[in-house]
Structures are given as C-alpha cells and as structure tokens.
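Q: Turn this into a structure:
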Amino acid sequence: MAQAKVRTFAGMREILGGKEIDFQIGSDETIGSLIEKLVKTYGKALEEQIKDPVTGDMIPVLIMVNDRVYRSIVDLGEKVIDGDTVTILIPFDGGSSLQ
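A: Purely as a prediction, here's the structure:
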C-alpha cells in the first residue's frame, strides 16, 4: 500500500506523536480523505484541532503537498499520491491581553 508523510506542528504534533509520521494512503486519496482518515485514527483530539465545533466543517488551514500550497476549504479534492509529504499548518490564535 502507498504511504505519505504527514508533518504537523504545535498541538497536532502532540496528538500524532511526532512532527512527522508515515501514513498509509489509498490509490484514490485526496487531501480531504487523508484528513478524514487521520481523524478516524487519532480521534476527537485531532478533530477538535481541525474542525469547527458547531458545524463540523474543516477550519481554514493551509496544507502543503510537497511544495504546493492548498487551502482546506476549497482544495480538499486535490490528489495525494505515494511518496507525497503533506504538511498541515493550523493558524495560531492570538495571545491573551494582560489587564
């Protein structure tokens, strides 16, 4: 079976157990289906990082497949093939203000 490398940062890194993992993919894999498989594998903790809690839709994140940049909201149908490196970049929330 084919594999892709999945790279993550911050909270997602802790959920996946490292900054980069090898993940099995199918021959008809897309960014969207890969993310759904990741959610099924890593559960609610990952889902809370990448989905809106009210709608269940993907939040706006940047996804790189090798050196190409995609957006989670419009590019989930883009193909992922054997040997690709998929990097998921979740936007960071601003800090808190001290009063």
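
Q: For the chain, which segments count as helices?
A: Secondary structure of the chain (DSSP state H): helices located at 10-16, 31-42, 44-50.

Q: Tell me the buried residues in the longest one?
A: When you say that, I think you mean helix 31-42. Residues of helix 31-42 classed as buried: 31-35, 37-39, 42 (neighbour count, 16 or more other Cβ atoms under 10 Å). Every C-beta, even on glycine, is put in place using the N, C-alpha and C of the backbone.

Q: what's the residue closest to the geometric middle of this structure?
A: Ile88 (4.3 Å; Cα atoms, centre = their mean).

Q: Could you report the distance from that one to Tyr42?
A: Separation of Ile88 from Tyr42 (Cβ to Cβ, to the nearest Å): 12 Å.

Q: Run a quick neighbour tally on Arg13.
A: Number of residues near Arg13 (other Cβ atoms under 10 Å) recorded here: 14.

Q: Mind pulling up the pLDDT for it?
A: The model reports Arg13 with a pLDDT of 89.

Q: for the one 10 residues further on, same thing?
A: The per-residue pLDDT reported for Phe23 equals 96.

Q: Just give the nearest non-adjacent residue to it, would you?
A: Closest residue in space to Phe23, ignoring its immediate chain neighbours: Val6 at 5.0 Å, by Cβ to Cβ, 6 or more residues apart in numbering.

Q: wait, isn't that neighbour in contact with Val65?
A: No: with contact defined as Cβ atoms under 8 Å, Val6 does not reach Val65; the gap is 10.6 Å.

Q: So between those two, which is more surrounded?
A: It is Val6, of Val6 and Val65, that has more neighbours when counted by other Cβ under 10 Å, with 24 against 19.

Q: Nothing else from me, thank you.
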